[in-house]
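Colleague: heads up, no residue letters with this:
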């Protein structure tokens, strides 16, 4: 059953961990950023899946204790997965958010069914942009993709966000498409609205309304 409220989430987190971000959340502390909680849950879920795989690989005659163990591990994995899914939907306080600056951007592009990939810069030695759109088009289709740049580093935390700059790349030209208000010193307080606006412009440019 999916988790829909903070109370349900805290109840699910009880007894999962004696210390760390999961225990802190279960005890009533709502984090300003959910990154550490997500990371702890993801690690715990991975461990439970590995345990489940090992139990399912065991050979030998049917053992009621082994079967019960499999059921318990499956229940634990399901509970962790439900709590992790809930945390993925929670909004952090942007001034304290440690999530990657492009996390929301990538999620919104995915929801809009816009393919995207991370662009790596050999000169900078790091990821430097998001490439939205597709390079491989059917014959007769307009070739176009969008470069969405972050002035600093797309793997910076949200709290270091300074805005987006998007350029439309076609066979004919490279044209400005979107620039955050005040770029490259866009205030982090408008991060969410700014990212939503960027994705809307990018989506409309790649897939113009009929």
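Modeller: That came through, no problem. Quick caveat: nothing in here was measured; it's all calculated off a predicted structure.
Colleague: any idea which helix is longest in the chain?
Modeller: Using DSSP state H to define each element, the chain has its longest helix at helix 64-88.
Colleague: next, the angle from the helix or strand just after that one to helix 64-88.
Modeller: Next along the chain after helix 64-88, taking DSSP states H and E as the criterion, comes helix 103-111. Inter-element angle recorded for helix 103-111 and helix 64-88: 100 degrees (by axes from the mean of the first three to the mean of the last three CA atoms, to 10 degrees).
Colleague: counting by contacts, list what helix 103-111 packs against.
Modeller: When contacts are defined as 3 or more CB pairs under 8 Å, 6 or more residues apart in numbering; DSSP states H and E, helix 103-111 packs onto strand 116-121, strand 126-133, helix 191-206. C-beta here means a position set from N, CA and C on the backbone, and glycine is covered the same way.
Colleague: mean pLDDT, distance to residue 164 and mean neighbour count added to those, as CSV?
Modeller: Below are the helices and strands packed on helix 103-111 laid out as CSV (pLDDT from 0 to 100; distance: least, CB to CB, whole Å; neighbours: other CB atoms under 10 Å):
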stretch, mean pLDDT, distance to residue 164, mean neighbour count
strand 116-121, 84, 13, 14
strand 126-133, 86, 9, 19
helix 191-206, 95, 5, 19
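Colleague: dump the ones you listed to CSV, plus distance to residue 47.
Modeller: Below are these laid out as CSV (distance: least, CB to CB, whole Å):
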stretch, distance to residue 47
strand 116-121, 28
strand 126-133, 28
helix 191-206, 33
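Colleague: tell me which of those lies nearest to residue 34.
Modeller: Of all the helices and strands packed on helix 103-111, it is helix 191-206 that lies closest to residue 34, at 14.5 Å by CB to CB.
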